[in-house]
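Engineer: Structure, please.
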Amino acid sequence: MTDPARTDVPPPSGSGFAVVELFTSQGCESCPPAEEMLGEIERDARRRGEPVYALGFHVDYWDYLGWPDPFGDGAYSARQQAYARAFGSGQLYTPQMVVNGTVEFVGSDRRRATDVITSALAEAATTPLALTVADAPEGPDGGHPVVVDYRIDRPPARAVLNVAVVERDLTTDVARGENAGRTLRQDNVVRAFTSVTPDDGGGRIRLDVPAELDPRRASVIGYLQHEDDKAVVGAAAVDLTTPPA
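Structural biologist: Modelled structure (predicted):
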């Protein structure tokens, strides 16, 4: 019998991709199930070799409830606000999931996530993107930036290239707030993020990452996005290092 709660996505029928952005917070009691689902989506995609790119953006507007999210950033709250304006809702909530910049829904809705990701994989990508890590940290507490080379031909007008460093398998003991007393495990947490106007042909981007970032559990995700309607038209990812056998 098929489990309707599984987040497994069938093999794609097209050459598409799915950029899955989750807006979340450790200060929100409704967010842990969505974060667990994001981790499942990421692990399933790796196992099946699918172009599904998961990013956990931790917002900071729930910090006032008593627990400042250590991964929270006002820039990620502003990114979610930009989506709210594009969707015409003007409302912020967590957990919120956005796929390829155009479809949003409650981030813990497994069935909806499976359907939307499957549809995204079936659509053809329009702008190929390639990433190469030119330089990366050697280990925890290294304080070394991540340098990424990108290759893109004829990027669309009024498009931006978003580049994020995400880290897997992070745990936090939450002492206060709505999740007080819980140990949260989170995957693909955004640890550094930037948006640039891409150069035709390619270029290089530098991201300053936290000194404690473990490159063995980190990846770089890049995605090309229209500024106006937020549609994502190209995406790629690369691990910072090859994990030890």
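Engineer: can you pull out the strands in this structure?
Structural biologist: Ranges of strands in the chain, per DSSP state E, are 18-24, 52-58, 96-99, 103-106, 130-135, 146-151, 159-167, 170-173, 183-186, 189-196, 203-207, 218-226, 232-239.
Engineer: and of the ones you listed, who's closest to Ser89?
Structural biologist: The stretch from the strands of the chain with the least distance to Ser89 (C-beta to C-beta) is strand 103-106; that distance is 8.2 Å. C-beta: built from backbone N, CA, C; applies to glycine.
Engineer: What lies in contact with that closest one?
Structural biologist: Strand 103-106 is contacted from outside by Ala34, Tyr83, Phe87, Pro95, Gln96, Met97, Val98, Arg112, Ala113, Val116, using C-beta atoms under 8 Å, 6 or more residues apart in numbering.
Engineer: Adding mean neighbour count, distance to Arg43 and mean pLDDT, write the strands of the chain out as TSV.
Structural biologist: Output for the strands of the chain, formatted as TSV (neighbours: other C-beta atoms under 10 Å; distance: least, C-beta to C-beta, whole Å; pLDDT from 0 to 100):
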stretch	mean neighbour count	distance to Arg43	mean pLDDT
strand 18-24	27	13	98
strand 52-58	26	9	98
strand 96-99	24	16	98
strand 103-106	17	21	97
strand 130-135	16	21	93
strand 146-151	18	23	96
strand 159-167	22	13	98
strand 170-173	13	14	97
strand 183-186	16	12	96
strand 189-196	19	15	98
strand 203-207	15	24	96
strand 218-226	23	13	97
strand 232-239	20	14	96
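Engineer: and those as JSON lines, adding distance to Ala75?
Structural biologist: Listed next are the strands of the chain as JSON lines, based on distance: least, C-beta to C-beta, whole Å:
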{"stretch": "strand 18-24", "distance to Ala75": "12"}
{"stretch": "strand 52-58", "distance to Ala75": "9"}
{"stretch": "strand 96-99", "distance to Ala75": "16"}
{"stretch": "strand 103-106", "distance to Ala75": "19"}
{"stretch": "strand 130-135", "distance to Ala75": "21"}
{"stretch": "strand 146-151", "distance to Ala75": "17"}
{"stretch": "strand 159-167", "distance to Ala75": "11"}
{"stretch": "strand 170-173", "distance to Ala75": "19"}
{"stretch": "strand 183-186", "distance to Ala75": "18"}
{"stretch": "strand 189-196", "distance to Ala75": "7"}
{"stretch": "strand 203-207", "distance to Ala75": "13"}
{"stretch": "strand 218-226", "distance to Ala75": "15"}
{"stretch": "strand 232-239", "distance to Ala75": "18"}
